[in-house]
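**Q** missing the sequence, but the structure's below:
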């Protein structure tokens, strides 16, 4: 399935810890919503998205050593728009310490020029150990 391949490729990009590879999976405007903390941000430029992802993923201070997605539901509202419910399990390390969690996500994907892109990611909840 196309969506599963998209997430497999995204996992590999995350494990590369290379922002140039990771950002290709996104589009602008991009919205990130965190219903745990009550925050929401919409980014309208590639520069703002790059800064956000670098900070959010902690690429300067840590390394992503594990990241995998379990897709629990995929609903297509059109041929170019899908809503995905997923559990993302990740592990990051920094200064000899590891942070590990599983995030419950609702993800909106849109298809642009034949490629799926993240348009919106909503954090619905999480469990695990965060630093």
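**A** Noted; the coordinates are in hand. Remember, predicted model here, so these are calculated numbers, not experimental data.

**Q** can you list the buried residues in the one helix or strand residue 100 maps to?
**A** Assessed by DSSP states H and E, residue 100 sits inside strand 97-112. Along strand 97-112, these residues count as buried under the neighbour rule (16 or more other C-beta atoms under 10 Å): 100, 103, 104, 105, 106, 107, 108, 109, 111. Quick note: C-beta positions are derived from backbone N, CA and C, even for glycine.

**Q** all helices of this structure, in order?
**A** For the chain, helices defined by DSSP state H occupy the ranges 2-16, 19-22, 46-56.

**Q** need the ones you listed in a markdown table (columns: mean pLDDT).
**A** Formatted as a markdown table, these follow (pLDDT from 0 to 100):
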| stretch | mean pLDDT |
| --- | --- |
| helix 2-16 | 97 |
| helix 19-22 | 97 |
| helix 46-56 | 95 |
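
**Q** quick one: which of those helices is nearest residue 125?
**A** With C-beta to C-beta as the measure, helix 46-56 is the member of these nearest residue 125 (17.0 Å).

**Q** what's the closest one packed up against?
**A** helix 19-22, strand 26-34, strand 39-43 (3 or more C-beta pairs under 8 Å, 6 or more residues apart in numbering; DSSP states H and E).

**Q** run through who's touching the last one.
**A** With contact meaning C-beta atoms under 8 Å, 6 or more residues apart in numbering, strand 39-43 is reached by 28, 29, 30, 31, 32, 33, 34, 49, 52.

**Q** what's the closest of those to residue 17?
**A** Of the contacts of strand 39-43, the one sitting nearest to residue 17 (C-beta to C-beta) turns out to be residue 52, at 16.3 Å.

**Q** related to what we said a few turns ago, just put the helices of the chain in TSV and tack on mean neighbour count and distance to residue 74.
**A** Formatted as TSV, these follow (neighbours: other C-beta atoms under 10 Å; distance: least, C-beta to C-beta, whole Å):
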stretch	mean neighbour count	distance to residue 74
helix 2-16	16	5
helix 19-22	15	22
helix 46-56	14	23
